[in-house]
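1. only geometry, no sequence info:
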């Protein structure tokens, strides 16, 4: 996601670089990319430099990147250190182009008239067959004499990935829905009892997987700033079997699995275990939940969009 303040960061970076003194330039590692497109940076003492603006030229930001940072009254990332990302970008572009090509129905020409067509190579079709594969039409023409060999039948393409958004989400505390938490929360910050959060999908996941083989699932989350400590903490993920929010306790299924760690304000993606993929695709599990005990891993989380890939 492009940083909405990326242009401003570009101008600030240029001004600070040209100005010379006014702040040391240091190398720091990105702890997380935040929901705003900025970054949280890891300092040597273990603390974090939060929500640091980045120039638009810093693309494909990711946790683990090393960046040059001007430390001043308003710290700013100047540029990324390391290999040129052009190779990775080219691979991503090729993948996107391949997926887009699968959407195209290619027929060079379609004409008609009252007589037979002019020019060589035409063959009369005695029967026409059609079918739909992954939402696309395929046609087969039965001819009396295949003097001009038919093009090869293309292989059935792998279904494109599908992203499923939750129909609802929320938090539960002391065995019932928590009226004081607007987003899913794990843990207890105030001593009022441990919270558990959940994301609900109705039949969207099983509908998306119907007639297909789910190969993998990833889920995107963002951790809200201002809830818990700033440092990276794990999301304790569980499955659950509720199609919609329960009026009583949110019952946890398989888990916990600590698939993702986020600092305050950060966003990230977790890859679900294969057994969870099977459970969600077949409907034996309905959604995802988080739960923690105490304040150490307390956090509020948004997102929950599941991207499904197929084989």
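-> That came through, no problem. All values reported here derive from a predicted model rather than from experimental measurement.

2. CA only for contacts and neighbour counts going forward, please
-> OK.

3. can you give me the strands in the stretch 201-311 of the chain?
-> Along the stretch 201-311 of the chain, the segments classed as strands by DSSP state E, counting those that start in this stretch run 214-223, 233-240, 257-262, 266-271, 287-291, 299-310.

4. please name whichever of the ones you listed is nearest to residue 140.
-> Among the strands of the stretch 201-311 of the chain, strand 299-310 comes nearest to residue 140, with 26.3 Å by CA to CA.

5. averaged pLDDT, that closest one. What do you get?
-> In this model, strand 299-310 has a mean pLDDT of 98.

6. centre-most residue in the protein?
-> For the chain, the residue whose C-alpha lies nearest the mean C-alpha position (CA atoms, centre = their mean) is residue 220; its distance is 4.8 Å.

7. ok, and the closest non-adjacent residue to that one?
-> With sequence-adjacent residues excluded and distances taken as CA to CA, 6 or more residues apart in numbering, residue 220 is closest to residue 269, at 4.4 Å.

8. what is the neighbour count of that neighbour?
-> Neighbour count of residue 269, defined by other CA atoms under 10 Å: 19.

9. ditto for the one 3 residues further on
-> Other residues lying near residue 272 total 16 when counted by other CA under 10 Å.

10. how about the residue nearest to the centre of the chain, what does it touch?
-> In this structure, residue 220 makes contact with 267-270, 303-306, judged by CA atoms under 8 Å, 6 or more residues apart in numbering.

11. and which of those residues is nearest residue 261?
-> Taking CA to CA as the measure, residue 261 lies nearest residue 268 of the contacts of residue 220, at 8.1 Å.

12. any idea how far that closest one is from residue 304?
-> As judged by CA to CA, to the nearest Å, residue 268 and residue 304 stand 11 Å apart.

13. again with residue 292
-> With the distance defined as CA to CA, residue 292 ends up 18 Å from residue 304.

14. so between the two, which is more surrounded?
-> Remark: of residue 292 and residue 304, residue 304 carries more neighbours, 26 against 22, as counted by other CA under 10 Å.

15. surely the more buried one meets residue 168?
-> No. Using CA atoms under 8 Å as the test, residue 304 is too far from residue 168 to be in contact (9.8 Å).

16. anything in contact with each of these two?
-> When contacts are counted by CA under 8 Å, 6+ apart, the set common to residue 304 and residue 168 consists of residue 199.

17. to residue 99, which of the strands of the stretch 201-311 of the chain lies closest?
-> That would be strand 299-310 among the strands of the stretch 201-311 of the chain, by CA to CA, at 12.5 Å.

18. and the closest one, how far from the chain's centre?
-> Here the centre of strand 299-310 is set off from its chain's centre by 7 Å, with CA atoms, centre = their mean, to the nearest Å.

19. relative to strand 233-240, how tilted is that strand?
-> Between the direction of strand 299-310 and that of strand 233-240, the angle (axes from the mean of the first three to the mean of the last three CA atoms, to 10 degrees) works out to 60 degrees.

20. gap between residue 80 and residue 179?
-> Applying CA to CA, the value for residue 80 to residue 179 is 43 Å.

21. between the two, who's got more neighbours?
-> Remark: of residue 80 and residue 179, residue 80 carries more neighbours, 22 against 10, as counted by other CA under 10 Å.

22. neighbours of the spatially closest residue to residue 25 that is not a sequence neighbour, just the number please.
-> With CA to CA, 6+ apart as the criterion, residue 25 has its nearest non-adjacent residue at 4.4 Å, and that residue is residue 70. Here the count is done by other CA under 10 Å, and residue 70 has 22 residues near it.

23. what sits up against the helix or strand harbouring residue 70?
-> Assignment of secondary structure by DSSP states H and E places residue 70 within strand 66-71. With CA under 8 Å, 6+ apart as the test, strand 66-71 has contacts from 13, 16, 23-30, 75-82.

24. neighbouring strands - and their directions - for that strand?
-> Each strand that strand 66-71 pairs with, and the sense of that pairing, follows from DSSP bridges: strand 24-34 (antiparallel), strand 76-81 (antiparallel).
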